[in-house]
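**Student:** Have a look at this prediction, sequence included:
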Amino acid sequence: MTVTIRRPPRARPHRPVWEEPPTRVGQALKATLLTLLVLGVLFPLWVVLVTSLSSRRTIADAGGLVVVPRGIDTSAYATIFAGGAVTRALWISTLVTVCGTAIALTVTVLAAYGLSRPGTVGHRWLLAYFLIPFLVYPPLVPRYLVVTGLGLKDTIWALVLPSAISVFNLVVVRGFFQGIPQELLDSARIDGASDFRTLGRIVLPLSRAVIAVVGLFYAVSYWNVWFDALLFIDRNDMYPIQRVLQSYLLAGQAPHTSGAASGVTMPPTEAIKMAVVVLTVAPIVAVYPFIQRHFIKGVLIGAVKG
């Protein structure tokens, strides 16, 4: 007689719910949710782009904003480029973005590297000094008096220097620098490298991801500068693109146009507004895919090590 001994089933190790493999229903729900989120982001951009390229009759039939295109009409873009205001504003915004990002990155990297070294004289007090504006935002009136007192009003430096450093970005970069092994820095010091050489040859090559993220933050901030332009810029020829966008949205059409007087049919107001919005958003949308991989990596590293 054969006796079969059944072993009790092994107890499965208990794992949290988020570590279990997703079911088919869960995968379908995730795919649906992500698809809806992507459509929710792309749909407004699609409406803006299609409306900017629509004719007067198409916009009138749609009642304002166009979802389904019916041909392409670029008269709105031709109108806003005709007077040169948008071209000049794009040049001003590009200059402010390039100069501002370069200056802000330089100041942030130097300050973060100095504050990340424990041997720096007074680095704790300097860090506390930098954190004060992060906790207590400076009032507008002293800021305006400082900018005008330095003679920066109606210049691009009024848009660059007041925002030359962000405490949040400084803390993120400092946290990343603190995560670099001290042995690498000590070996460079033994080889006779100075602090600037160590920063340029060792620290910066290891920090490309976080530098790319911070640079993107600064670039987007400078490109979208509007409130500082409203405070410090009174000359029309010094307006950045965001300030011009505001004037177009409020006026409804290009201020320099006089289509009724010259007998030329003007593009619809909605098309002109949306065309300026497209020109405002397009540069950032075009640059982002090139640094997306650095962006994701840098955000995660800065969040964990900060």
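**Tutor:** Yes, it's here. Keep in mind that this is a model prediction, so the values were computed, not measured.
**Student:** okay, which residue is most central for the chain?
**Tutor:** For the chain, the residue sitting closest to the mean C-alpha position, by Cα atoms, centre = their mean, is V220 at 3.1 Å.
**Student:** Against V281, how distant is that residue?
**Tutor:** 11 Å (Cβ to Cβ, to the nearest Å). Just so you know, the C-beta spots here come from the backbone N, C-alpha and C atoms, and that holds for glycine as well.
**Student:** Then R88?
**Tutor:** Separation of R88 from V281 (Cβ to Cβ) stands at 19 Å.
**Student:** What number of residues are in the vicinity of I211?
**Tutor:** 20 (other Cβ atoms under 10 Å).
**Student:** Thought A112 was touching it, still the case?
**Tutor:** No. Using Cβ atoms under 8 Å, I211 is not in contact with A112; the gap is 10.2 Å.
**Student:** Now for the two: what residues contact both?
**Tutor:** V173 (Cβ atoms under 8 Å, 6 or more residues apart in numbering).
**Student:** I'd say L230 and R243 touch.
**Tutor:** Yes. Counting by Cβ under 8 Å, L230 touches R243, with 6.8 Å between them.
**Student:** quick one, which of those two is more surrounded?
**Tutor:** Neighbour totals were compared for L230 and R243, and R243 leads with 22 against 13 (other Cβ under 10 Å).
**Student:** And the pLDDT for the more buried one?
**Tutor:** The confidence metric pLDDT takes the value 86 at R243.
**Student:** Now do the contacts for it.
**Tutor:** The neighbours of R243, taking Cβ under 8 Å, 6+ apart as the test, are 89, 226, 229-230, 233.
**Student:** Let's see that with 10 Å instead.
**Tutor:** By Cβ atoms under 10 Å, 6 or more residues apart in numbering, the contact set of R243 is 89, 92-93, 159, 225-230, 233, 236.
**Student:** Please flag which of these sit within helices.
**Tutor:** 89, 92-93, 159, 227-230 (DSSP state H).
**Student:** And these, which of them are buried?
**Tutor:** 89, 92-93, 159, 228-229 (16 or more other Cβ atoms under 10 Å).
**Student:** where are the low-confidence patches of the stretch 151-300 of the chain?
**Tutor:** For the stretch 151-300 of the chain, residues meeting the criterion pLDDT under 70 lie at 251-265, 291-300.
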